[in-house]
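Visitor: Here is my input; please provide its structure:
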Amino acid sequence: MVNTVQIKKVGGPEVLTFVDCELGEPGPGMARVANRAIGLNYIDTYHRSGLYPLPLPTGIGLEGAGVVEAVGEGVDLSVGDRVAYCAAGFGAYSEAVILPAERLVPLPEGIDFDTAAAVLLKGATVEYLLQRTFPLEAGQQTLFPAAAGGVGLIFGQWASALGAEVIGTVSSEAKRELALENGYAHCFLNDEPGLVAKVREITDEKMLPVVYDGVGAATFTQSLDCLAPRGLMVSFGNASGSPPPFDLQQLAARGSLFITRPTLMSYVATKEEMRDSAAAVFDRVLDGRVKVTIAQRYPLAEVQRAHAELEARRTVGSSLLIP
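Guide: Numbering: from 1, shown residues only. Modelled structure (predicted):
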């Protein structure tokens, strides 16, 4: 029996409950992984709240790292292999989980379990945003709200290593300092007035070719206003709630803007895409271009507190649940 977090109804952190689950043996193409560390991600709160509906009851959590305990027929992994995952299905909030083996990523030497669970989903998100949604180039400028979050800190380091100039926004002075230490050339507090004017000044009136916005409702309009004509709005998350209904004529009025709503799952849909994305992330961690900030570790038993603190923006960097 393993201790597993489930939700039987949607709602606040209080709906996260523990059950004892008999996993059994993995079938063909599957592997059983004993988790050593579990990633806590904002998308988990969307599944818990019902913003992204799941069939109920269900396990929750997308990311983890651990050791292969058992394999089914036709699996290219062995018992004892160190692996991580972030797009293999739901149920990571558990002592162990059975997942499709082709969605598991072998861990290279030098990447420990905590680092893998803290960086894989967030790093793969940054990889697809920066390298495939809008390939950011040296000398280009961009805006990333929520600069001190788990994705934001990785984004700042990765983008600055490319030679881009990144503008961030954060909710506190301490987070502003953290963002500036992680690649951001400029960073402003959310309650400071005049962000669009500041961007206009930084860009010498040219504005931005792209904005990567994972905050949603609270920043959506402001982010659009920071774009240059024919610029791209990459709206990849809803941390403050979904953006309001939007009249497409507003894109024309702002200069023939483009907008996309990408998801990680679409960019790591195949085994090859998942492993290539993971390799890009791990390579940058191993060579020092990306440093992983694990600022919070919670026992899995304290999952409700972890969700409450994440949603209250009392966390910075990456957070882990430890089974």
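Visitor: Could you report the separation of the residue sitting nearest the centre point of the chain from Leu321?
Guide: Closest to where the C-alpha atoms of the chain average out (CA atoms, centre = their mean) is Lys122, at 3.4 Å. From Lys122 across to Leu321, the span is 15 Å (CB to CB, to the nearest Å). For glycine as for every other residue, the C-beta is placed from the backbone atoms N, C-alpha and C.
Visitor: Let me see the contact set for the residue nearest to Ala217 when sequence neighbours are not counted.
Guide: Spatial nearest neighbour of Ala217, excluding adjacent residues (CB to CB, 6 or more residues apart in numbering): Gly241 at 4.1 Å. By CB atoms under 8 Å, 6 or more residues apart in numbering, the contact list for Gly241 reads 216-218.
Visitor: mind checking the SS state of Gly241?
Guide: Using DSSP: H, G, I helix; E, B strand; the rest coil, the structure places Gly241 in coil.
Visitor: Okay, buried residues for the lengthiest strand in the chain please.
Guide: Ranked by residue count, the top strand of the chain under DSSP state E comes out as strand 30-40. Using 16 or more other CB atoms under 10 Å as the test for burial, strand 30-40 gives 30-40.
Visitor: Off-centre distance for the following helix or strand past it?
Guide: Once the chain leaves strand 30-40, the next helix or strand it forms, by DSSP states H and E, is helix 42-49. Computed by CA atoms, centre = their mean, to the nearest Å, the chain-centroid distance of helix 42-49 equals 12 Å.
Visitor: what angle do helix 42-49 and strand 30-40 make?
Guide: Angle, helix 42-49 to strand 30-40, by axes from the mean of the first three to the mean of the last three CA atoms, to 10 degrees: 100 degrees.
Visitor: could you pull out the helices for this protein?
Guide: For the chain, applying DSSP state H gives helices covering 42-49, 113-128, 150-161, 173-180, 195-202, 220-225, 249-253, 264-267, 271-286, 303-311.
Visitor: now for the first one, which elements pack on it?
Guide: If I follow you right, that is helix 42-49. Using 3 or more CB pairs under 8 Å, 6 or more residues apart in numbering; DSSP states H and E, the elements in contact with helix 42-49 are helix 303-311.
Visitor: relative to helix 150-161, how tilted is the helix it packs on?
Guide: If you take the same axes, to 10 degrees, helix 303-311 sits at 50 degrees to helix 150-161.
Visitor: neighbours around Thr221, how many?
Guide: Other residues near Thr221 come to 13 when the count uses other CB atoms under 10 Å.
Visitor: Which pLDDT value goes with it?
Guide: Listed pLDDT for Thr221 reads 94.
Visitor: residue contacts, the residue nearest to Gly24 when sequence neighbours are not counted?
Guide: Leaving aside its chain neighbours, Gly24 sits nearest to Ile98 (7.6 Å; criterion: CB to CB, 6+ apart). Ile98 is in contact with 23-24, 26, 30-33, counting by CB under 8 Å, 6+ apart.
Visitor: surely Val285 meets Thr115?
Guide: Yes - in this structure Val285 lies within contact range of Thr115 using CB atoms under 8 Å: 6.6 Å.
Visitor: any idea how far the residue lying closest to Asn238 once chain neighbours are set aside lies from Gly59?
Guide: Nearest residue to Asn238 in three dimensions, chain neighbours excluded: Gly216, at 3.7 Å (CB to CB, 6+ apart). For Gly216, the distance to Gly59 equals 25 Å [CB to CB].
Visitor: do Met1 as well
Guide: In this view, Met1 and Gly59 are 15 Å apart by CB to CB.
Visitor: Likewise for Ser94?
Guide: Noted for Ser94: a distance of 6 Å to Gly59, by CB to CB.
Visitor: Repeat that for Lys175.
Guide: With distances taken as CB to CB, Lys175 is found 31 Å from Gly59.
Visitor: So for the two, which sits in the more crowded spot?
Guide: More crowded of Lys175 and Gly59, by other CB under 10 Å: Lys175, with 24 against 19.
Visitor: Appreciated, that's everything.
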